[in-house]
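Q: My questions are about this predicted structure, shown below with the sequence.
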Amino acid sequence: MSGEGYPIPASTHRTERMVQRSRFIATLAHAPDVESARAFIEEVRAEFPDATHNCWAFVAGPPGSTSHVGFSDAGEPHGTAGRPMLDVLLHSGIGEVAAVVTRYFGGVKLGKGGLVRAYGGAVQHSLETLPTRLLVERLTLDIHVGYADVEPLRRLLAEAGAEVLEEHYGADVRYRAAVPTSSADSLRRGIADVTAGRARIEDVKQQ
């Protein structure tokens with residue numbers, strides 16, 4: 001992914017479609033991890049306990065990433081609901097997104113091809129009007145400087161759009177900061193310049 005980040009759902013979003021008298025309700029939401037995706041799925045299932053099916057899929061990572069995905073046909077014929085929904089999400093260009101398509105059966109059987117089109121189409125239709133925001137990818141850095149370099153460092157962090165997470169004052173000063181990936185290299189160079197190479201910068205490994 002580029003250092004400029006990627007779009008994610010800005011809020012929970014719902015659309016409805018009728019297909020051959022069946023009602024398809026697509027609900028999309030932000031899912032930064034697998035746990036939040038599953039919690040969202042359970043919320044929707046609890047909201048529509050009388051539905052014929054509550055099929056779901058999620059991509060709990062960057063757009064197109066298959067490292068944290070899941071899907072379920074929820075009683076529909078194998079491969080006709082969850083997988084088509086996941087395929088649409090993976091090709092949407094949107095990350096950290098979960099979708100539940102709730103179906104109320106209208107009395108007309110759609111067949112396997114019809115179901116694939118209906119479930120995939122419900123997600124695609126909802127994505128077209130989904131409000132999004134940009135998730136900026138960030139690195140977490142520990143920056144150690146002397147007391148005389150604190151003010152120049154604070155100015156550089158602000159210019160880089162960094163978020164200061166911690167400040168620790170001891171023998172030296174340690175700042176832990178979340179830095180936009182796109183600004184990290186220039187920030188490192190700037191810190192080296194203003195401290196004449198005295199600063200120590202360490203990447204913080206995320207758990």
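A: Thanks, I have it. Since the structure is predicted, the reported quantities are computational estimates derived from the model, not experimental observations.

Q: Low-confidence regions, the protein specifically.
A: Residue ranges of the chain with pLDDT under 70: 1-4, 205-207.

Q: domain assignment for it?
A: The chain breaks down into these domains under automatic domain parsing: 6-134, 137-203.

Q: what's the helix or strand for residue 178?
A: Element membership for residue 178 (DSSP states H and E) is strand 173-180.

Q: Does anything pack onto that strand? Which helices or strands?
A: strand 138-145, helix 150-159, strand 163-169 (3 or more CB pairs under 8 Å, 6 or more residues apart in numbering; DSSP states H and E). C-beta: built from backbone N, CA, C; applies to glycine.

Q: ok so, going back, out of the domains of the chain, deepest packed?
A: Stretch with highest mean neighbour count among the domains of the chain: domain 6-134 (a mean of 18; mean count of other CB atoms under 10 Å).

Q: Could you list the residues in contact with stretch 136-151?
A: Applying CB atoms under 8 Å, 6 or more residues apart in numbering, the contact partners of stretch 136-151 are 1, 3-6, 153, 161, 163, 165, 172-182, 184, 191, 194-195, 198-204, 206.

Q: Now the terminal residues of it, how far apart.
A: One end of stretch 136-151 to the other measures 25 Å (CA to CA, to the nearest Å).

Q: tell me how far it is from the chain's mean position?
A: When distances are taken as CA atoms, centre = their mean, to the nearest Å, stretch 136-151 is centred 26 Å away from the chain's centroid.

Q: follow-up on the earlier one: for residue 57, which of the helices and strands packed on strand 173-180 is the nearest?
A: Of all the helices and strands packed on strand 173-180, strand 138-145 sits nearest to residue 57, with 27.0 Å by CB to CB.

Q: Alpha carbons of the closest one, as CSV, please.
A: Presented in CSV, the C-alpha positions along strand 138-145 are these (Å, rounded to 0.1, in the frame of the first residue of the first chain):
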residue,chain,number,x,y,z
ARG,A,138,1.6,5.1,10.5
LEU,A,139,4.9,3.9,12.0
THR,A,140,5.5,4.0,15.7
LEU,A,141,9.0,5.4,16.6
ASP,A,142,10.9,6.0,19.8
ILE,A,143,13.0,9.1,19.5
HIS,A,144,15.7,9.8,22.1
VAL,A,145,17.1,13.4,22.2
